[in-house]
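Asker: quick one, what's the 3D model for this:
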Amino acid sequence: MPMMKDKEREFLTKEFSQKLVDDVRLVVFTQDTPCVYCRETVDLANELADVSPKLKVEVYDFIRDQMKAKELRIDKIPAMAVIGRKDYGIRFYGIPSGYEFNSLVGAIMDVSRGESGLSQKSKDSLKDLDQAISIQVFVTPTCPYCPSSVRLAHKMAIESDMVWADMIEANEFIPLAQKHAVSGVPKTIINDKFEIAGAVPEDIFVAHVVHAATHSERLQPR
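Answerer: Numbering: from 1, shown residues only. The predicted structure is shown next:
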């Protein structure tokens, strides 16, 4: 059964033909042994590639292709890296379905343009980052508020070479969600230490990221 509906396919065919600039690689990691939603993630990537000649799909086995997984910092599956003229550090862990399908489409268009779309104030705040920042946004497919957090995290990864941003489907990675006490989504974890509960505006999200890079204590709410 197709992952995308006919109306979605028609809409994306038009959108991608008008808005995609550079080619985009959808690099998917899966494995032969049982893996929840691995096959569906590959199917989704292939359906998207059928919509536009600018989308290319690469599929790797997480076990057999460990060197490639290490190169792209892939540490769990199913995983999808969205790569354009360079690797911006945008990752999807778990199938980007439901509301998160929009996050994937948005990431594809941003990566193709090589432009984050963040405000100038946010760009100025991020340009002075001098240490690596890891952002993990825990989501579920039925959460309507999650895509805004995922999109902001991925936009920051495009804007700064110091930022890596992951969407993590909480139901598919329960031990990791339990480690970070994810009881509601979206929940964002920065550098495995700082957290943001719920969806927040761009300026607040960026402030948390900058704070995490320069402080040991949590940023207090305004």
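
Asker: pull out the buried residues from the helix or strand hosting K123.
Answerer: Per DSSP states H and E, K123 falls inside helix 120-126. Within helix 120-126, the residues that count as buried by 16 or more other CB atoms under 10 Å are S122, K123, S125, L126. To be clear about C-beta, it is placed using only N, CA and C from the backbone, and glycine gets the same treatment.

Asker: CA-only coordinates of it in PDB, if you can.
Answerer: Below are the C-alpha coordinates for helix 120-126, written out as PDB (Å, rounded to 0.1, in the frame of the first residue of the first chain):
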ATOM      1  CA  GLN A 120      18.600  37.400  11.000                       C
ATOM      2  CA  LYS A 121      18.700  37.700  14.800                       C
ATOM      3  CA  SER A 122      18.800  33.900  15.100                       C
ATOM      4  CA  LYS A 123      21.500  33.600  12.400                       C
ATOM      5  CA  ASP A 124      23.600  36.200  14.300                       C
ATOM      6  CA  SER A 125      23.200  34.300  17.500                       C
ATOM      7  CA  LEU A 126      24.200  31.000  16.000                       C
END
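
Asker: by contact count, what packs against that helix?
Answerer: Helix 120-126 sits against helix 146-159, helix 202-214, with contacts defined as 3 or more CB pairs under 8 Å, 6 or more residues apart in numbering; DSSP states H and E.

Asker: give the next helix or strand downstream of that helix.
Answerer: Using DSSP H and E, the helix or strand that directly follows helix 120-126 along the chain is strand 133-139.

Asker: CA atoms only for that following strand, dumped as PDB, please.
Answerer: In PDB, the C-alpha atoms belonging to strand 133-139 read as follows (Å, rounded to 0.1, in the frame of the first residue of the first chain):
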ATOM      1  CA  ILE A 133      25.600  21.000  19.700                       C
ATOM      2  CA  SER A 134      23.400  17.900  19.600                       C
ATOM      3  CA  ILE A 135      19.600  18.500  19.500                       C
ATOM      4  CA  GLN A 136      17.200  15.600  19.900                       C
ATOM      5  CA  VAL A 137      13.500  16.400  19.400                       C
ATOM      6  CA  PHE A 138      11.300  13.600  20.700                       C
ATOM      7  CA  VAL A 139       8.000  13.300  18.800                       C
END
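
Asker: may I see the buried residues of that strand?
Answerer: I133, S134, I135, Q136, V137, F138, V139.

Asker: assess the claim that the last one and C146 are in contact.
Answerer: Right, the one you point to is V139. Yes - V139 sits in contact with C146 when judged by CB atoms under 8 Å, with a separation of 3.8 Å.

Asker: find residues that contact each of these two.
Answerer: Y99, E100, V185, P186 (CB atoms under 8 Å, 6 or more residues apart in numbering).

Asker: any idea which of these is closest to I158?
Answerer: The closest of these to I158 turns out to be E100 (CB to CB; 17.7 Å).

Asker: count the neighbours of the closest one for me.
Answerer: 23 (other CB atoms under 10 Å).

Asker: and the one 4 residues further on, by the same measure?
Answerer: Using other CB under 10 Å, L104 has 24 other residues around it.

Asker: one more: the one 10 residues further on?
Answerer: Here the number of neighbours of G114 (other CB under 10 Å) works out to 13.

Asker: same deal with A132?
Answerer: A total of 13 residues lie near A132 under the criterion other CB under 10 Å.
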